[in-house]
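Asks: Here is my input, please return the structure:
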Amino acid sequence: MIKQKTKMRQPTNEEDMVLLSELNARFIKNFITRDVAAHEKIIHEDFVCIENSGAIVNRADYMKAWTHDYEDGGFTSFTYTDECIRLFGNTALIRSKTVYTKIIDGKFVEGNSIYTDTYVKENGKWLCVQAHITPIRR
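Replies: Numbering: from 1, shown residues only. All right, here's what the predicted structure looks like:
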């Protein structure tokens, strides 16, 4: 009897695009709910974040801050729009615009930023290796 080799089915670009969009939504949900355990599952071990101040934050410090950044930022609402996903083999860029309201000096302030998250696919799983946040000045 001759054994046939079975090929593992590789996801199509469309399937990867859906997965990446779901990861983007999960990333934002994790921020709002301060869900560190869920967030650690999608963040690469070599992750860095380039914050809107220009500071480069390593994974350990980023995850420590994750539990309180939403509250400390004074956010009362936070969402995203204008999602754009670009796929380059095992690397993907997800860019979106945040839409938020926060309390600053006792006043409600609306704002936006643009972020780009870089994902790499390792062992069939997409992980965020870098986040870059740019504030939109009014």
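
Asks: Of all the strand elements in the protein, which one is longest?
Replies: The strand spanning the most residues in the chain, taking DSSP state E as the definition, is strand 107-122.

Asks: which other residues reach that one?
Replies: Residues lying outside strand 107-122 but in contact with it, judged by Cβ atoms under 8 Å, 6 or more residues apart in numbering, are 16, 20, 23-24, 27, 44, 52, 76, 90-103, 126-136, 138. (Each C-beta comes from the backbone N, C-alpha and C, glycine too.)

Asks: What mean pLDDT does that strand get?
Replies: Taken as a whole, strand 107-122 has an average pLDDT of 97.

Asks: and that strand, which strands flank it?
Replies: strand 91-104 (antiparallel), strand 125-135 (antiparallel) (DSSP bridges).

Asks: residues in contact with the helix or strand bottoming out on mean pLDDT in the chain?
Replies: Lowest by mean pLDDT, DSSP states H and E among the helices and strands of the chain is helix 69-72, with a mean of 91. Contacts of helix 69-72 with the rest of the structure, by Cβ under 8 Å, 6+ apart, involve Phe31, Ile32, Arg34, Phe78.

Asks: sec struct for the closest residue in space to Tyr100 that isn't next to it in sequence, please.
Replies: Of all residues not flanking Tyr100 in the chain, Phe78 sits nearest, at 4.5 Å (Cβ to Cβ, 6 or more residues apart in numbering). Per DSSP: H, G, I helix; E, B strand; the rest coil, the secondary structure class of Phe78 is strand.

Asks: confidence score at Phe78?
Replies: Reported pLDDT at Phe78 in the predicted model: 96.
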